[in-house]
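Visitor: need coordinates for the following:
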Amino acid sequence: MSEPTDAADQPTTARELLAHRDYMLFWSTRVASTLGVQIQSVALGWQVYAVARETHSVAQSAFYVGMIGLVTFIPVLLLALWAGEAADRYDRKRILQLCYAGEIASVLLLLAASLLGFATIPLLLGVAVLFGTSRAFMGPAGTAMGPMLVPRSLLPRAIAWNSLAWQGGSIIGPALGGALVSISPAVAYGTTSGLYLVAVLTVSLIAMNTKPVAQAGSRWTLIKEGLGYVWHNKIVFGAISLDLFAVLLGGATALLPVYARDVLHVGAEGFGMLRAGPAIGATLVAMWLAAHPIRTNAGPIMFVGVAIFALATIVFGLSQSFWLSVVALAVLGGADMLSVYVRQTLVQIVTPDQMRGRVAAVSSLFIGASNELGEFRTGVAARFMGAVGAAVSGGVAALIVTGVWAKLFPALRKADRLE
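Guide: Predicted structure coming up:
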């Protein structure tokens, strides 16, 4: 990777990024895998809820949907630190290839269960565990590999493009997933397997050396070194912990099957639109960031983004209108994209390459906790408070967290330049 340059003196362009063949292959891999993940997630959530509703109440079925998040997060919790150390020791491209192979295996099992009629709640949740195991290793390796493929001067722009790939896939994926599920879950799973195959093929074409410089020390020594770095760097720790607690408390996407079927009454197609709502807003923001990377006032912008995320969650929870719900979800997604962009850029710029895998592992552990455990928390809250109560109380709690973190981490609040 090239030596650091002053982004203010040498502004970058999208054309420069497009000239990096290996990065564009990596970007294409992210698009294909994101589409696959989103379609699989929509199909799995819908199928779990549909199977549960055959014998359980709405509240109990919502709890089972929340369980998807918990069982997906367990492998991340157990394996993330080891996965981060592996990403700093072994070829990152090879790790991704193995992870995509695991994703293909998990979705083929779902396909077989749907076609042959043996899909049950325990089986579906068991496949979610396999899915989480692949993700545990995929996150650190992918996050650490991206910066190896571009000069540092292009890193902020590349991060915005990475987010655009994710969010673009997150728009098309849920809508397409909803349409495919309306035909049958088997069609959705078959499409997903094809997308994962594209991902493994494109990442295999990357020619650059993606093996990090070997680090001295035992596996546990390297893990402790990564944990120590995150703990002592208050900007890094503050950024990823803010994301953890805001989304853990405020995330309401696990309730979308409940809202689609029993609150807004819009069915599978409406469910796909609701799932696409956050990604629509996030993609619009990501497109703007790809053309206009943030250079100053990074910390304040991040906190504003999290606050808007919390407020939009409250609006969504209270809404009885389908289109107001979609708009609230779009605002929620755009605000989240803004804060995520600042967090990812800050963390990747200040972290040396030989430690990116371990730092990314801690970050993915926090993100996994916020997403998967957030879904579980929401499912439990919905069991006792109802879907509306769970969504609204979560948004209020996320807003409180934003204010508390602004006081606890003044260095993050005052962070300025993303260069």
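Visitor: which helices and strands does the least confident helix or strand in the chain by mean pLDDT pack with?
Guide: The weakest-scoring helix or strand in the chain, judged by mean pLDDT, DSSP states H and E, is helix 356-368 (a mean of 74). Here helix 356-368 touches helix 58-87, helix 121-145, helix 219-232, helix 234-250, helix 322-350, going by 3 or more CB pairs under 8 Å, 6 or more residues apart in numbering; DSSP states H and E. Heads up, the C-betas are built off the backbone N, CA and C, glycines and all.
Visitor: among those helices, which comes closest to Leu412?
Guide: helix 234-250 (3.8 Å; CB to CB).
Visitor: for the chain, which spans come out with low pLDDT?
Guide: Counting by pLDDT under 70, the chain shows low-confidence ranges at 1-14, 167-168, 170-171, 216-217, 364, 367-373, 375, 415-419.
Visitor: the helices and strands packed on helix 356-368 into JSON lines, with extra columns for mean neighbour count and distance to Val37?
Guide: Formatted as JSON lines, the helices and strands packed on helix 356-368 follow (neighbours: other CB atoms under 10 Å; distance: least, CB to CB, whole Å):
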{"stretch": "helix 58-87", "mean neighbour count": "22", "distance to Val37": "11"}
{"stretch": "helix 121-145", "mean neighbour count": "22", "distance to Val37": "8"}
{"stretch": "helix 219-232", "mean neighbour count": "16", "distance to Val37": "25"}
{"stretch": "helix 234-250", "mean neighbour count": "23", "distance to Val37": "17"}
{"stretch": "helix 322-350", "mean neighbour count": "23", "distance to Val37": "16"}
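Visitor: got the contact list for the nearest residue to Gly270 once chain neighbours are set aside?
Guide: In space, Gly270 comes closest to Ala260 once its chain neighbours are excluded; the distance is 5.2 Å by CB to CB, 6 or more residues apart in numbering. Applying CB atoms under 8 Å, 6 or more residues apart in numbering, we find Ala260 in contact with 266-268, 270-271, 274.
Visitor: give me the buried subset of the residues you listed.
Guide: Among those, those scoring as buried are 266, 268, 270-271, 274 (criterion: 16 or more other CB atoms under 10 Å).
Visitor: looking at these, which are in helices?
Guide: Among the buried ones among the contacts of Ala260, the residues falling in helices (DSSP state H) are 268, 270-271, 274.
Visitor: so Gly386 versus Val258, what's the distance?
Guide: Distance, Gly386 to Val258, by CB to CB, to the nearest Å: 9 Å.
Visitor: and Gly177, by the same measure?
Guide: 17 Å.
Visitor: neighbour count: these two, which is higher?
Guide: Gly177 (31 against 27; other CB atoms under 10 Å).
Visitor: quick one: Ile226 from Ala286, how far?
Guide: Rather than Ile, residue 226 is Gly. Gly226 sits 28 Å away from Ala286, going by CB to CB.
Visitor: and stretch 252-266, how far apart are its ends?
Guide: End-to-end span of stretch 252-266 (CA to CA, to the nearest Å): 17 Å.
Visitor: repeat for stretch 247-255
Guide: Start-to-end, stretch 247-255 (CA to CA) is 14 Å.
Visitor: same thing with stretch 350-359?
Guide: 11 Å.
Visitor: return the set of buried residues in that stretch.
Guide: Neighbour-count burial for stretch 350-359 flags 351, 354-359 (criterion: 16+ other CB under 10 Å).
Visitor: now for the nearest residue to Ser61 once chain neighbours are set aside: which residues touch it?
Guide: Counting by CB to CB, 6+ apart, Ser61 lies nearest to Ala52, which is 3.8 Å off, once chain neighbours are set aside. By CB under 8 Å, 6+ apart, the contact list for Ala52 reads 60-61, 64-65, 121.
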